[in-house]
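>>> Give me coordinates for this.
(2 chains)
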Amino acid sequence: MYPDDLKYSKEHEWVRMSGDIAEIGVTVFAQESLGDVVFVDLPEVGTNVEQFAKFGEIESVKAVSDLFSPIGGKITEVNSAAADTPEVVNEDPYGSGWLIKVELNDTAQLDELMDAATYQATLE
Amino acid sequence: MSDESQDSPLKKTALHSTHVESNAKMVPFGGWDMPVQYPSGIIAEVNGVRNSAGIFDVSHMGRLEFEGAGAESFLGSIISANLPALKIGRGKYNFICNADGGIIDDAMVYRIGAQKFLLVINAGNADVDMEWINPLVVGRTDFTMKVTTNDTAMIAIQGPSAVEIVDSLSDGEASKIRRFRIGSSTVDGIPVSLARTGYTGEDGFEIIIQAGHGAKLWKTLLACGAVECGLGSRDVLRLEAGLPLHGHDLSTGTNPFEAGFGRFAYFDDPNCIAGKALKQLAEIEPARSLVGFIMTGRGIPRTGLNILEPGANGVEATNVIGTVTSGTHSPTVDGGIGMGYVERKYSETGTKIIIDVRGRPVEAEVVDTPFYERS
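Predicted coordinates:
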């Protein structure tokens, strides 16, 4: 449910680091709480986002939620598959349901995030 | 809507433990602890109803029985239905309006005997309705009013297979009851009232049964292949069917004519409290109209969003011309659909409008409702 190689935010987003690129998505807890995801609004590539600032919106049949970036930096890529077929966020939240990639501008940001066990404890 | 933050504990329907056993996600609604969705999710539930059959616990809806020589005249004074014309075994959609013609609630009335009626009201308005009705009942000895909400369960079964399923449990008696009618029958060996009505745009029944038998019937219908459905899918289905929801599309601040349901606002009963106001409203062009619209741009409409007039270049939005009262993603239409009030001149089918999605202007178009009609 919460892979050990990821970092987590209290807003229920995850981060997978690969070099200085942070891949970002929402957790299983988030997608289950939302229910069927039917709309994802993502930012433009090349724009900047601050750590823990809003970068987009995710909508289920019933409700709208803001997406908050666990990492600040320049957005290098957005997942057009998540925008076109939002159900991938439910089906594969840690894989094909990723949302954005951000170029990490300060590694100290990672210290603000939780490991899997700590995150999971916050859900209980 | 009733206040969800009240301290009084949430009420539970006779099927509550069944929903919990099925791992439904429970939420407060109109003072009741109700299932909003089951584990398969809202979209699967909507598709289940459109393709086969779904079951809904609607036991939270208020049920009132009026019986006696004065029942017809009393009910005629509070609802907008032509009761003298309503034959035994027939139901009619109607409004409970105040003296200004504002909609306190929308309801279904059924004549279940020569001098006996069943009125089904919204759960979220039950308290407000009773505050309106109770003082009017005081001193009336020519009929009795009985609240049967807690003594009975009500299960809606809706969808193309719904009638077939209930028929199979009633020796074919169910399908003899035609659309918008009500009758007594035996389903799965249990005596029930069957109303061939619903809130999804599908054929089906609303089954009223003694509370103690509710859970058994629910499980029987489930075993017959019906899909368990919560309030989430119910809201999507009713919106796809172009049916209004009180508290959203209807309120004391709106009247039946601007909502486009003037045909359900009978006002010729001289006793009707709202009669004079409704007659006057029927004769004027409303300043605004409730319309249906589909999103042609990327976005989902939600209650409370502003509706704007398109600017000269199409998308650039300018002045506010209305408000969204219901909106969702429709799995059946595969896109964003909504209803809202707009100034009358923007209510024509095909009119381009803009929905202000939290600062993002998204194109939409006024369309005829329902959004979905069964084939």
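
>>> from here on, contacts and neighbour counts on C-alpha atoms
Noted.

>>> How about the contacts made by the residue of chain A found nearest chain B?
Residue of chain A nearest chain B, by CA to the nearest CA: residue A:61 (5.6 Å). The contact partners of residue A:61, by CA atoms under 8 Å, 6 or more residues apart in numbering or on different chains, come to A:35-38, B:42-43, B:232, B:328-330.

>>> let's go with 10 Å and repeat that
Counting by CA atoms under 10 Å, 6 or more residues apart in numbering or on different chains, residue A:61 touches A:34-39, B:41-43, B:232-233, B:235-236, B:300, B:327-331, B:336.

>>> quick one, strands of chain A?
For chain A, strands defined by DSSP state E occupy the ranges A:7-8, A:13-18, A:21-26, A:37-41, A:48-49, A:54-60, A:64-68, A:73-78, A:100-104.

>>> Report the central residue of chain A.
In chain A, the C-alpha nearest the mean C-alpha coordinate belongs to residue A:25, at 2.5 Å (CA atoms, centre = their mean).

>>> How about that residue, nearest residue that isn't a chain neighbour?
residue A:98 (4.5 Å; CA to CA, 6 or more residues apart in numbering or on different chains).

>>> List the backbone torsions phi and psi for that neighbour.
phi -60, psi 160 (degrees, to the nearest 10).

>>> Spatially nearest residue to residue 122, not counting backbone neighbours?
All of this is about chain A. Per CA to CA, 6+ apart, closest to residue A:122 is residue A:10, 8.0 Å.

>>> switch to chain B, that's the one I care about
The shortest distance from residue B:122 to any residue other than its chain neighbours is 5.1 Å, reached at residue B:61 (CA to CA, 6+ apart).

>>> neighbouring strands for the longest strand along chain B, and are they parallel or not?
Across chain B, the strand with the greatest residue count (assigned by DSSP E) is strand B:317-330. In the sheet, strand B:317-330 lines up against strand B:306-310 (antiparallel), strand B:335-343 (antiparallel) (DSSP bridges).

>>> among the ones you listed, where is the model least confident on average?
Here the strands paired with strand B:317-330 differ in mean pLDDT, and the lowest is strand B:306-310 at a mean of 94.

>>> what does chain A put close to chain B?
Residues of chain A lying near chain B by CA under 10 Å from any CA of the partner chain: A:32-33, A:35-41, A:59-64, A:83.

>>> Within the helices and strands, which one has residue B:126?
Assigned by DSSP states H and E, residue B:126 falls within helix B:126-137.

>>> Any chance you could list what contacts that helix?
By CA under 10 Å, 6+ apart, helix B:126-137 touches B:1-2, B:30-31, B:60-63, B:74-75, B:77-78, B:96-98, B:104-105, B:120-123, B:125, B:143-145, B:147.

>>> doesn't residue B:209 make contact with residue B:190?
Yes: Residue B:190 is within contact range of residue B:209, at 7.9 Å (criterion: CA atoms under 10 Å).

>>> Would you mind measuring from residue B:137 to chain A?
39 Å (CA to the nearest CA, to the nearest Å).

>>> Residue B:39 contacts residue B:20, correct?
No: the pair residue B:39 / residue B:20 is not scored as a contact, 11.1 Å apart, by CA under 10 Å.

>>> measure the closest residue to chain A within the stretch 1-150 of chain B to residue B:22 for me?
Residue of the stretch 1-150 of chain B nearest chain A, by CA to the nearest CA: residue B:41 (6.4 Å). Applying CA to CA, to the nearest Å, the value for residue B:41 to residue B:22 is 12 Å.

>>> Neighbour count: the two, which is higher?
Taking neighbours as other CA atoms under 10 Å in any protein chain shown, residue B:41 and residue B:22 compare with residue B:41 leading, 20 against 12.

>>> ok now do that one, which residues does it touch?
So residue B:41 contacts A:32, A:35-36, A:61, B:24-25, B:229-230, B:232-233 (CA under 10 Å, 6+ apart).

>>> now those in CSV, with pLDDT and distance to residue B:291?
CSV is the format used below for these (pLDDT from 0 to 100; distance: CA to CA, whole Å):
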residue, pLDDT, distance to residue B:291
A:32, 94, 33
A:35, 95, 28
A:36, 96, 27
A:61, 95, 21
B:24, 98, 33
B:25, 97, 32
B:229, 98, 27
B:230, 98, 26
B:232, 98, 22
B:233, 98, 21
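
>>> For residue 42, which non-adjacent residue is closest in space?
Picked chain A for this. residue A:56 (5.0 Å).

>>> you looked at the wrong chain, it should be chain B
In this structure, residue B:42 finds its nearest non-sequential neighbour in residue B:233, 5.1 Å apart by CA to CA, 6+ apart.

>>> what bridges to the closest residue to chain A within chain B?
Closest to chain A within chain B is residue B:329: 5.6 Å, counting by CA to the nearest CA. Note on residue B:329: beta-bridge partners by DSSP bridges are residue B:336.

>>> I'd say it and residue A:64 touch.
No: using CA under 10 Å as the test, residue B:329 is too far from residue A:64 to be in contact (11.3 Å).

>>> show me the contacts for the nearest residue in space to residue A:32 that is not next to it in sequence.
Nearest residue to residue A:32, sequence neighbours excluded (CA to CA, 6+ apart): residue A:90, at 7.4 Å. Residues near residue A:90 by CA under 10 Å, 6+ apart: A:26-28, A:30-32, A:34-38, A:96-97.

>>> Ok, residue A:114 next?
Taking CA under 10 Å, 6+ apart, one finds A:6-10, A:14-15, A:120, A:122 in contact with residue A:114.

>>> Put the buried members of these into a PyMOL selection.
Typed into PyMOL, the next command selects the buried ones out of the contacts of residue A:114 (criterion: 16 or more other CA atoms under 10 Å in any protein chain shown):
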select buried, chain A and resi 6+7+8+9+14+15
